[in-house]
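Colleague: Here is my input; please provide its structure:
(one chain, ligands or ions: 1)
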Amino acid sequence: MIEKDTYKDKGARRLLVEELKQKGIIDTGVLNAILQVPRHLFIHKDFRFHAYQDKAFPIGEGQTISQPYTVAYQTQLLHIETNDRVLEIGTGSGYQAAVLIQMGAVLTTIERQEKLYQKTKKLLTQLEYKANFIAGDGSIGYAANGPYDKIIVTAGAPRVPEALLQQLKVGGILIIPVGNNLVQTMHTLIKKADGNIEDISLDQFRFVPLIGNQAW
Ligand code: SAM
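Modeller: Got it, this is the predicted structure:
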C-alpha cells in the first residue's frame with residue numbers, strides 16, 4: 001500500500017527546496033518538481049522521517065537513492081523542456097525518474113539490477129509516473145527509443161560511453177559523472193551541428209559505479 005503524502009511531508013519539501021536554492025539551484029522547473037515529488041515514497045520506511053534531508057540513502061542491492069542536491073544539480077544541467085525525449089541510465093529508486101517526468105520529459109529509464117527494476121517499475125506505475133522501463137545494461141544506451149534530446153547517467157563511469165553520444169540528437173545534452181571509483185567529475189556534453197562534441201567539466205561527486213559493456 002502506498003503511504004500518504006501529508007502536510008508535514010509537503011512542509012518538509014518546502015524546506016528542502018529552500019536549502020537547494022541556498023546551495024545554488026536556480027531552475028524553477030527543477031525546484032517545482034522537487035516540491036511536487038513525494039521523495040519519502042521512494043525510500044525504505046525506516047528512513048521515512050529523514051526523507052527530506054539532503055542525503056543519499058541505501059535502496060537495497062548495494063545501491064543508493066542520490067542526494068536531492070545531486071538530483072537537482074544534474075536535472076538543472078539537462079535544461080528539460082516539455083516533451084523532451086530523455087534517457088536515464090540507472091533507474092534505482094525511481095526518484096530522479098519521477099522528477100524528470102514531473103517536468104514533462106518523455107522518459108526511457110534503464111536499470112541493470114533486476115530486483116530494483118521490478119520494484120521501481122511497480123512503484124512508479126502505482127504513482128502514475130509513466131515511463132518506458134528497460135531492464136539491462138544502460139552503458140550501451142537504448143537505441144530503439146532514440147535519438148534523445150537529453151541523456152542522464154546516474155552512476156559513475158570510467159569514460160563517456162560512445163553509444164550514448166551516438167544516441168544523442170544534434171543539440172542534445174548528455175550529463176555524466178566520469179572518474180575513478182572514489183570520485184567523479186560531472187560532465188556536460190553537447191552534440192554540435194557538425195557532429196563535434198563540446199565537453200564541459202564541472203563539480204566533483206561520488207556515485208556508485210556504472211557497470212556494463214561500456215563501463216566498469
Ligand atoms: N537515479 C537513481 C535514483 O533516483 O534513485 C539513482 C540510483 S543509483 C545512484 C545508480 C543506479 O545505477 C543503481 O540502481 C545501479 O544499479 C544502476 N546502474 C549501474 N550500472 C548500470 C548500467 N550499466 N545500466 C543501468 N543501470 C545501472
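Colleague: mind checking which helix or strand the residue minimising distance to the centre of the chain is in?
Modeller: When CA atoms, centre = their mean is applied to the chain, the residue found nearest the centroid is residue 96 (3.8 Å). Here residue 96, judged by DSSP states H and E, is contained in helix 95-102.
Colleague: hmm, that helix in reach of the ligand?
Modeller: Yes. In terms of CB under 6 Å from any ligand atom, part of helix 95-102 sits within range of the ligand, namely 95-96. Every C-beta, even on glycine, is put in place using the N, C-alpha and C of the backbone.
Colleague: Please export the C-alpha coordinates of that helix as PDB.
Modeller: In PDB, the C-alpha atoms belonging to helix 95-102 read as follows (Å, rounded to 0.1, in the frame of the first residue of the first chain):
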ATOM      1  CA  TYR A  95      13.100   9.400  -7.700                       C
ATOM      2  CA  GLN A  96      15.200  11.000 -10.400                       C
ATOM      3  CA  ALA A  97      12.800   9.500 -13.000                       C
ATOM      4  CA  ALA A  98       9.800  11.000 -11.200                       C
ATOM      5  CA  VAL A  99      11.400  14.400 -11.200                       C
ATOM      6  CA  LEU A 100      12.100  14.200 -14.900                       C
ATOM      7  CA  ILE A 101       8.500  13.000 -15.700                       C
ATOM      8  CA  GLN A 102       7.100  15.700 -13.400                       C
END
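Colleague: what's it packed up against?
Modeller: helix 28-36, helix 68-78, strand 85-89, strand 106-111, helix 114-126 (3 or more CB pairs under 8 Å, 6 or more residues apart in numbering; DSSP states H and E).
Colleague: just the angle between the second one and helix 28-36, please?
Modeller: Per axes from the mean of the first three to the mean of the last three CA atoms, to 10 degrees, the angle that helix 68-78 makes with helix 28-36 is 150 degrees.
Colleague: picking that back up, surely the residue nearest to the centre of the chain meets residue 155?
Modeller: No. Judged on CB atoms under 8 Å, residue 96 makes no contact with residue 155 at a distance of 11.2 Å.
Colleague: coming back round to it: okay if I get the helices and strands packed on helix 95-102 as CSV plus distance to residue 56, mean neighbour count and mean pLDDT?
Modeller: Shown next, in CSV, are the helices and strands packed on helix 95-102 (distance: least, CB to CB, whole Å; neighbours: other CB atoms under 10 Å; pLDDT from 0 to 100):
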stretch, distance to residue 56, mean neighbour count, mean pLDDT
helix 28-36, 15, 18, 98
helix 68-78, 8, 23, 98
strand 85-89, 17, 26, 98
strand 106-111, 17, 25, 98
helix 114-126, 15, 16, 97
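Colleague: picking that back up, give me the nearest residue to the residue nearest to the centre of the chain, chain neighbours excluded.
Modeller: Excluding the flanking residues, the one nearest residue 96 by CB to CB, 6 or more residues apart in numbering is residue 71, at 5.1 Å.
Colleague: residues in contact with the one you found?
Modeller: The contact partners of residue 71, taken as CB atoms under 8 Å, 6 or more residues apart in numbering, are 34, 95-96, 99.
Colleague: Select, out of the helices and strands packed on helix 95-102, the one closest to residue 190.
Modeller: helix 68-78 (10.5 Å; CB to CB).
Colleague: picking that back up, can you check what pLDDT the model gives the residue nearest to the centre of the chain?
Modeller: Note on residue 96: pLDDT of 98.
Colleague: Show me where the chain has its strands.
Modeller: 57-60, 63-65, 85-89, 106-111, 132-135, 148-153, 168-179, 184-191, 197-205 (DSSP state E).
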